[in-house]
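Peer 1: Sharing a model that was predicted from the sequence below.
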Amino acid sequence: MNYWIKSRYNPQLGTFFTKMGQMTKKDAKECEKSLYGSNVMLSFKTVEEYEEKIKELTKAGNRIQ
């Protein structure tokens, strides 16, 4: 299983990211569904890559949940 971060775009709130942790590709695909705005799931093979991306997003000033 891969590690996932959800990139969420909401027209009123802007873009933010959610740490989703480890999940199957099928479950991640389900998380891309949205009634309002859009979601894109970012996949990482290792926990190190996942944590590095979270640090990178945080340093760039992005909102992380």
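Peer 2: Everything's here; your move.
Peer 1: can you pull the contacts of residue 21?
Peer 2: With contacts defined as Cβ atoms under 8 Å, 6 or more residues apart in numbering, residue 21 is in contact with 3-4. Any C-beta I mention is one placed from the backbone N, CA and C, and that applies to glycine too.
Peer 1: what about it, which helix or strand?
Peer 2: Element membership for residue 21 (DSSP states H and E) is strand 14-23.
Peer 1: Show me which positions of that strand end up buried.
Peer 2: Residues 17-18, 20, 23 are the ones in strand 14-23 that count as buried (16 or more other Cβ atoms under 10 Å).
Peer 1: Share the number of residues neighbouring residue 8, please.
Peer 2: Per other Cβ atoms under 10 Å, the neighbour tally for residue 8 reads 18.
Peer 1: Would you mind measuring from it to residue 34?
Peer 2: Relative to residue 34, residue 8 is positioned 8 Å away (criterion: Cβ to Cβ, to the nearest Å).
Peer 1: Using CSV, list the CA coordinates for stretch 4-23.
Peer 2: Output of stretch 4-23 as CSV, limited to C-alpha atoms (Å, rounded to 0.1, in the frame of the first residue of the first chain):
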residue,chain,number,x,y,z
TRP,A,4,-1.4,9.4,0.2
ILE,A,5,-1.9,13.2,0.5
LYS,A,6,-5.2,14.7,-0.7
SER,A,7,-5.0,18.0,-2.5
ARG,A,8,-8.4,19.7,-2.0
TYR,A,9,-9.5,22.6,-4.1
ASN,A,10,-12.6,24.5,-2.7
PRO,A,11,-13.7,27.5,-4.7
GLN,A,12,-14.5,29.4,-1.5
LEU,A,13,-11.6,28.3,0.7
GLY,A,14,-8.8,27.8,-1.9
THR,A,15,-6.4,24.8,-1.9
PHE,A,16,-5.3,22.8,1.1
PHE,A,17,-3.8,19.4,1.8
THR,A,18,-4.9,16.5,4.0
LYS,A,19,-2.5,13.8,5.2
MET,A,20,-4.4,10.6,4.4
GLY,A,21,-1.7,8.1,5.5
GLN,A,22,-1.5,4.6,4.1
MET,A,23,-4.4,3.2,2.0
